[in-house]
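J.: Prediction below, plus the sequence it came from.
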Amino acid sequence: MNKKIQSALISVFYKDGLEPIVQLLSELGITIYSTGGTQSFIEKLGVKVVPVEDLTTYPSILGGRVKTLHPTVFGGILGKRDDATHVQEMKQYQIPEIDLVIVDLYPFEETVASTTDEKSIIEKIDIGGPSMIRGAAKNYKDVVVIAAKKDYAALEHLLKEQKGETRLEQRKNFAAKAFEVVAHYDVAIAKYFAPSTPLYFLESIPNPKAMRYGENPHQSGLFYGDLEKLFDQLNGKELSYNNLVDVDAAMQLIREATLNPPQGGTSESLNSKKHSALAESKAPPCEGFGEALSSEGREAVFAIIKHTNVCGVAQRPTVKESWNAALAGDPESAFGGVLVCNGTIDIATAEAINEIFFEVLIAPSFNEDALAILKSKKNRILLQLKGQPATKEQYKSVLNGVLIQGIDEGNFSEWKETGGRETTVAEKEDLTFANIVCKHLKSNAIALVKNKQLIGKGCGQTSRIDSLRQAVEKAKQFNFDLTGAVMASDAFFPFNDCVQLGHEAGITAFIQPGGSIRDADSIEYCKANNLAMVITGMRHFKH
């Protein structure tokens with residue numbers, strides 16, 4: 001059923017984009033009701049406006065907390081035009097019909113993000129706004145509701161093309177959007193007040209983006225979030241569902257490898273650093289990621305990701321050297337991968353990378369001549385990293401619910417030398433590097449590292465010894481000498497078979513969380529064969 005807008009109530013916090021709508025309403029002869037700052041804004045446009053106080057006969061009171069909360073206002077919004085009783089009561093109490101409600105909400109989320117002052121935050125909890133929006137949305141058969149300025153353009157088009165008339169499906173569509181706006185607002189407030197274990201799964205993420213498809217072509221896919229906060233896309237097609245999953249894995253790895261690089265030193269010094277490493281891993285998103293890295297003189301890390309697993313990663317003095325070493329670790333699996341590094345992509349690196357097919361390259365900065373080379377393939381996705389996600393929790397849908405856990409922060413809670421000898425400085429660096437890499441492989445996971453280069457890995461196997469066999473075979477496939485290499489395991493060794501097989505392959509040092517009732521078997525083997533072993537006390541399962 002078509003309805004002609006005869007009156008409108010406008011009360012908004014943000015006025016930008018409102019002027020054309022106000023002018024159109026005036027041209028169409030629609031009565032405008034307003035209050036406070038919005039009323040002043042409309043009056044300055046030279047448009048006639050009726051103060052809400054003329055309807056309620058009450059001024060704005062309690063410091064502006066109570067302005068529109070009145071039966072005359074809500075009766076005008078909620079009254080059903082086809083209900084004789086409603087019509088009679090509205091006439092009896094002199095309640096005017098309100099056909100259009102344009103209301104936005106106090107900036108609660110923005111206030112929480114900008115201050116810790118509780119008084120300021122509480123005052124930005126809107127009461128009247130959500131109530132009017134919900135009322136108008138509920139009565140969509142008679143009322144149009146606009147709850148966000150992103151819908152101003154649609155309303156402006158409607159006013160121009162339909163001369164103030166609206167169809168039922170249009171009103172219902174605006175109502176659906178309005179309920180979502182209020183729901184998101186309520187979740188933000190509930191999360192602010194929620195205890196550590198809320199009664200409900202409280203999450204609301206705006207900005208849906210349709211994927212070409214989901215994990216497979218027959219599956220639909222959506223992404224909710226604001227990727228522009230994390231990087232600028234400099235080239236290529238739209239990111240796919242699988243691209244985003246791999247990009248997430250890549251950014252997790254490069255962040256950790258950059259914030260907690262391998263360091264030599266004694267076991268005591270490493271233990272003293274464990275708390276600072278954990279604290280660093282909780283750092284907020286950082287602007288200028290690559291520039292910060294260079295200024296601290298840290299080495300470059302380059303990694304190649306396939307299906308969320310690391311198939312190549314290395315740390316070297318330059319970006320080009322780190323790329324060469326990362327690719328050498330498994331050049332076969334690198335095809336079609338997601339690449340990530342923590343330094344500037346220069347022309348030499350770009351020329352080398354350009355020789356293979358890859359889906360995505362992520363870096364904090366690119367030289368112009370390097371970009372020219374990399375942009376030669378129009379579909380190749382180039383992402384310039386601006387910051388890292390500040391996410392502190394991970395969600396997974398399982399069965400008929402949702403699992404929530406904190407992110408896997410830190411790498412070891414202790415550095416306990418338990419083998420037949422102390423680790424050397426070089427082994428400490430490799431063990432630290434291997435432990436980080438192993439953490440980012442699917443369980444059961446084994447990482448073999450030598451000179452801060454991943455030379456063999458096994459992941460996603462149903463037994464740890466099978467992951468080790470896979471890792472050793474990978475190293476042999478690309479002609480790596482495992483003599484003097486180190487091994488990291490994401491969980492404890494249930495038997496001594498892993499250290500025995502590793503020793504036979506040339507491994508001289510091991511790092512693992514410990515915790516098996518048979519830890520002593522592996523430890524005794526290391527002692528008997530003069531092998532180093534470090535117990536970290538921190539498991540890193542990844543499913």
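T.: Arrived safely, thanks for sending. Since this is a predicted model, take the numbers as computed values, not measurements. Numbering: from 1, shown residues only.
J.: Please make it C-alpha for all contacts and neighbour counts, starting now.
T.: Will do.
J.: Following the lowest-mean-pLDDT helix or strand in the chain in sequence, what is the next regular element?
T.: Every helix and strand in the chain was compared by mean pLDDT, DSSP states H and E; the lowest is helix 289-295, with a mean of 39. The first helix or strand that comes after helix 289-295 along the chain, using DSSP states H and E, is strand 300-306.
J.: now for that following strand, which elements pack on it?
T.: Using 3 or more Cα pairs under 8 Å, 6 or more residues apart in numbering; DSSP states H and E, the elements in contact with strand 300-306 are helix 241-259, strand 309-316, helix 319-329, strand 337-341.
J.: which residues are in contact with the longest one?
T.: To tie it back to what came earlier, the one meant is helix 241-259. Residues outside helix 241-259 that contact it (Cα atoms under 8 Å, 6 or more residues apart in numbering): 211-215, 221-223, 277, 280-281, 293, 298, 301-309, 338-342, 359-360, 388, 433, 436-437, 440.
J.: Now render the helices and strands packed on strand 300-306 as TSV, adding distance to residue 353.
T.: Formatted as TSV, the helices and strands packed on strand 300-306 follow (distance: least, Cα to Cα, whole Å):
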stretch	distance to residue 353
helix 241-259	17
strand 309-316	14
helix 319-329	8
strand 337-341	9
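J.: a markdown table please, covering these and showing mean neighbour count.
T.: Formatted as a markdown table, the helices and strands packed on strand 300-306 follow (neighbours: other Cα atoms under 10 Å):
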| stretch | mean neighbour count |
| --- | --- |
| helix 241-259 | 20 |
| strand 309-316 | 28 |
| helix 319-329 | 23 |
| strand 337-341 | 27 |
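J.: mean pLDDT for these: which is lowest?
T.: Between the helices and strands packed on strand 300-306, the one with the least mean pLDDT is helix 241-259; it has a mean of 91.
J.: Tell me the gap between that one and the middle of its chain.
T.: How far helix 241-259 lies from its chain's middle: 11 Å, per Cα atoms, centre = their mean, to the nearest Å.
J.: again with stretch 37-44
T.: Relative to the centre of its chain, stretch 37-44 is centred 39 Å away, using Cα atoms, centre = their mean.
J.: tell me the average confidence for that stretch?
T.: Computed over stretch 37-44, the average pLDDT equals 93.
J.: Please list the residues outside that stretch that contact it.
T.: The contact list for stretch 37-44, computed with Cα under 8 Å, 6+ apart, reads 10-13, 15, 19, 22, 33, 48-49, 51.
J.: List just the nearest of the residues you listed to residue 350.
T.: Nearest to residue 350 among these, counting by Cα to Cα, is residue 15 at 47.0 Å.
J.: And the helices in the stretch 301-450 of the chain?
T.: Ranges of helices within the stretch 301-450 of the chain are 319-329, 347-353, 368-374, 425-439, based on DSSP state H, counting those that start in this stretch.
J.: Tell me which other helices or strands the longest one touches.
T.: So the one you mean is helix 425-439. Helices and strands touching helix 425-439, by 3+ Cα pairs under 8 Å, 6+ apart, are helix 241-259, strand 446-449, strand 486-489, strand 509-512.
J.: Specify the angle between it and strand 309-316 in degrees.
T.: If you take axes from the mean of the first three to the mean of the last three Cα atoms, to 10 degrees, helix 425-439 sits at 150 degrees to strand 309-316.
J.: Could I get the buried residue list for helix 425-439?
T.: Neighbour-count burial for helix 425-439 flags 426-439 (criterion: 16 or more other Cα atoms under 10 Å).
J.: what does it rub up against?
T.: Residues outside helix 425-439 that contact it (Cα under 8 Å, 6+ apart): 253, 256-257, 261-266, 310, 411, 445-452, 454, 486-490, 509-512, 540-542.
J.: picking that back up, TSV for the helices and strands packed on helix 425-439, including distance to residue 395?
T.: Below are the helices and strands packed on helix 425-439 laid out as TSV (distance: least, Cα to Cα, whole Å):
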stretch	distance to residue 395
helix 241-259	14
strand 446-449	25
strand 486-489	25
strand 509-512	27
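J.: what's the closest of the ones you listed to residue 518?
T.: strand 509-512 (13.2 Å).
J.: mean confidence score for the closest one?
T.: For strand 509-512, mean pLDDT is 96.
J.: Just name whatever secondary elements that strand is in contact with.
T.: When contacts are defined as 3+ Cα pairs under 8 Å, 6+ apart, strand 509-512 packs onto helix 425-439, strand 486-489, strand 532-535.
J.: what would the helices of the stretch 301-450 of the chain look like in JSON lines with distance to residue 64?
T.: Below are the helices of the stretch 301-450 of the chain laid out as JSON lines (distance: least, Cα to Cα, whole Å):
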{"stretch": "helix 319-329", "distance to residue 64": "58"}
{"stretch": "helix 347-353", "distance to residue 64": "59"}
{"stretch": "helix 368-374", "distance to residue 64": "54"}
{"stretch": "helix 425-439", "distance to residue 64": "53"}
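J.: Show me the one of those helices that comes nearest residue 113.
T.: Nearest to residue 113 among the helices of the stretch 301-450 of the chain is helix 425-439; the distance by Cα to Cα comes to 31.5 Å.
J.: quick one: average pLDDT of the closest one?
T.: 95.
J.: Please apply the same query to stretch 207-225.
T.: Averaging pLDDT along stretch 207-225 gives 92.
J.: Mind jotting down where the strands sit in the stretch 51-200 of the chain?
T.: 100-103, 144-146, 165-166 (DSSP state E, counting those that start in this stretch).
J.: Return the most buried member of these.
T.: Most buried of these by mean neighbour count (mean count of other Cα atoms under 10 Å) is strand 144-146; its value is a mean of 29.
J.: Most distant residue from the centre of this structure?
T.: What lies farthest from the middle of the chain is residue 92; by Cα atoms, centre = their mean that is 54.0 Å.
J.: how close does that residue sit to residue 76?
T.: 13 Å (Cα to Cα, to the nearest Å).
J.: again with residue 298
T.: With distances taken as Cα to Cα, residue 298 is found 66 Å from residue 76.
J.: So between these two, which is more surrounded?
T.: Per other Cα atoms under 10 Å, whichever of residue 298 and residue 76 has more neighbours is residue 76, with 22 against 18.
J.: just to revisit the earlier point, weed out the non-buried ones from the contacts of helix 241-259.
T.: By 16+ other Cα under 10 Å, the contacts of helix 241-259 give 211-212, 214, 221, 223, 277, 281, 293, 298, 301-306, 308-309, 338-342, 359-360, 388, 433, 436-437, 440 as buried.
J.: Which positions in the top helix by length along the chain come out as buried?
T.: The longest helix of the chain (DSSP state H) is helix 168-193. Neighbour counts over helix 168-193 (16+ other Cα under 10 Å) mark 170-172, 174-175, 177-179, 181-182, 184-189, 191 as buried.
J.: Repeat that for stretch 103-110.
T.: Here stretch 103-110 shows 103-108 as buried, counting by 16+ other Cα under 10 Å.
J.: closest to residue 97 out of the helices of the stretch 301-450 of the chain?
T.: Comparing those by Cα to Cα, helix 368-374 comes nearest, at 60.1 Å.
J.: The helix or strand harbouring residue 501: how far from the chain's middle?
T.: Per DSSP H and E, residue 501 falls inside helix 497-505. Relative to its chain's centre, helix 497-505 lies at 40 Å (Cα atoms, centre = their mean).
J.: repeat for stretch 87-96
T.: Its chain's C-alpha centre and that of stretch 87-96 lie 50 Å apart, by Cα atoms, centre = their mean.
J.: Also stretch 335-344?
T.: Centre to centre, stretch against its chain (Cα atoms, centre = their mean), the figure for stretch 335-344 is 19 Å.
J.: outside of it, which residues touch it?
T.: Here stretch 335-344 has contacts from 243, 246-247, 250-251, 254, 258, 289-291, 293-294, 300-306, 319, 356-367, using Cα under 8 Å, 6+ apart.
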